[in-house]
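Colleague: give me a model of this one.
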Amino acid sequence: MTSGVQIRTPAEWLAWGQERLAAGDTAEAGDALRHALQSRDTRLAAHNIIERHGLADAFGSWMGCPCEIAPADDIFRFFENHPLSSNPLRDYLADGWRTLSELMLLLETVDRPLLRTGSFLEFASGHGRFTRHLVKVLGADKVTASDVVPDAVEFARSAFGVAGLQSSTDPAAVAWPRTYDVVFVLSLFSHLPRRTWGAWLRRLFDAVAPGGVLVFSTHGADAVRRQGVQWDEEGFFFASASESQAIDVADYGTAFTSTAFVRARIAEQIPEGRLLHVAPQHFWHHQDAYVIGKA
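Modeller: I've put the predicted structure just below:
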């Protein structure tokens, strides 16, 4: 019972929380929204209201970064649908922090500390699972987020205050407004078909400033073993399927590449690049990481 009214459904709890919030009763609003968090149908809406108003259960109050999640975020839906995720909100936000720590360790390995980075392009940034944590470290003024999905770019601009750059499925159609000390491309090359794989490598290396690095990840040998797929003679496999609901699977499926394939594309597309480091299973203990320097 709440103010004489028994709220039975998640939708009713959500509506009651909004009503109490409008009346200035944050304690009762928070209690109602906690009930709405328990249902998949109202979880994300309740979470975003809690974060937006800084209520008692807000993740942002202890994570120190904006923790609203875009309704169209495919990665959040991945966690929400994962059988091992008992708290998809927490798991989603924590995974972005995990990516930050993994990137920082990788950059330390090649003596390019993240905290000394003056400009950073996060390409294929999605709806900001990682971006929110990066902004906490670098500041929004040093970060540009780019994605092929317009809603993702707009969300990054409005939620995190970063510069936004609309991408394309055609690498030749992307124009860089500047170059960047770090170009970070997490889990894009693990989705590209053969026809654009090398072209994207060339185009993204063009965005790297002199003395900077391109960092990207792939599905390598461990992913092949886990998924039971088989590379072709060049060390490449592509399936027309992915977790994205917004991008055509012909442009964004699931790709597996051997180290030999990646090295061959580097030599072919960016012979001036220097392969500084290869780290198997570095990101999420699942994707291989490559760091390429520019003189």
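Colleague: low-confidence stretches in this protein?
Modeller: The chain contains residues with pLDDT under 70 at 1-7, 243-246.
Colleague: all strands of it, in order?
Modeller: Secondary structure of the chain, counting by DSSP state E: strands at 120-123, 143-147, 163-166, 180-185, 208-218, 236-239, 254-257, 274-283, 287-293.
Colleague: can you redo the ones you listed as a markdown table with distance to Pro88?
Modeller: From N, CA and C alone the C-beta is placed, and that goes for glycine too. Below are the strands of the chain laid out as a markdown table (distance: least, CB to CB, whole Å):
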| stretch | distance to Pro88 |
| --- | --- |
| strand 120-123 | 22 |
| strand 143-147 | 21 |
| strand 163-166 | 26 |
| strand 180-185 | 24 |
| strand 208-218 | 22 |
| strand 236-239 | 25 |
| strand 254-257 | 22 |
| strand 274-283 | 20 |
| strand 287-293 | 21 |
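Colleague: in JSON lines, list those strands along with distance to Phe59 and mean neighbour count.
Modeller: Shown next, in JSON lines, are these (distance: least, CB to CB, whole Å; neighbours: other CB atoms under 10 Å):
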{"stretch": "strand 120-123", "distance to Phe59": "21", "mean neighbour count": "25"}
{"stretch": "strand 143-147", "distance to Phe59": "20", "mean neighbour count": "26"}
{"stretch": "strand 163-166", "distance to Phe59": "23", "mean neighbour count": "18"}
{"stretch": "strand 180-185", "distance to Phe59": "23", "mean neighbour count": "24"}
{"stretch": "strand 208-218", "distance to Phe59": "26", "mean neighbour count": "21"}
{"stretch": "strand 236-239", "distance to Phe59": "34", "mean neighbour count": "18"}
{"stretch": "strand 254-257", "distance to Phe59": "30", "mean neighbour count": "22"}
{"stretch": "strand 274-283", "distance to Phe59": "22", "mean neighbour count": "16"}
{"stretch": "strand 287-293", "distance to Phe59": "25", "mean neighbour count": "22"}
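Colleague: who wins for proximity to Gly30 among these?
Modeller: Gly30 sits nearest to strand 143-147 of all those, at 30.9 Å, using CB to CB.
Colleague: give the other helices and strands that that closest one contacts.
Modeller: Packing contacts for strand 143-147, counted by 3 or more CB pairs under 8 Å, 6 or more residues apart in numbering; DSSP states H and E, involve strand 120-123, helix 131-138, helix 150-160, strand 163-166.
Colleague: how about JSON lines for the ones you listed, with distance to Arg202 added?
Modeller: Shown next, in JSON lines, are those (distance: least, CB to CB, whole Å):
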{"stretch": "strand 120-123", "distance to Arg202": "13"}
{"stretch": "helix 131-138", "distance to Arg202": "25"}
{"stretch": "helix 150-160", "distance to Arg202": "23"}
{"stretch": "strand 163-166", "distance to Arg202": "18"}
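Colleague: which of these sits closest to Ala209?
Modeller: Of all the helices and strands packed on strand 143-147, strand 120-123 comes closest under CB to CB, at 9.7 Å.
Colleague: sheet partners, orientation included, of the closest one?
Modeller: Sheet pairing for strand 120-123, assigned by DSSP bridges, gives strand 143-147 (parallel), strand 180-185 (parallel).
Colleague: stretch 261-278: how far from the chain's middle?
Modeller: 24 Å (CA atoms, centre = their mean, to the nearest Å).
Colleague: would you mind listing the buried residues in that stretch?
Modeller: 261-262, 264-266, 269-270, 273, 276-277 (16 or more other CB atoms under 10 Å).
Colleague: so what's the backbone phi/psi at Phe130?
Modeller: Main-chain torsions, Phe130, degrees, to the nearest 10: phi -90, psi -30.
Colleague: isn't it right up against Leu186?
Modeller: Yes - counting by CB atoms under 8 Å, Leu186 is a contact partner of Phe130 at 6.8 Å.
Colleague: residues that sit against both of these two, list them.
Modeller: 99, 122 (CB atoms under 8 Å, 6 or more residues apart in numbering).
Colleague: state the distance from Ser125 to Ala221.
Modeller: Separation of Ser125 from Ala221 (CB to CB, to the nearest Å): 27 Å.
Colleague: between the two, who's got more neighbours?
Modeller: The neighbour comparison of Ser125 against Ala221 (other CB atoms under 10 Å) goes to Ser125, with 30 against 16.
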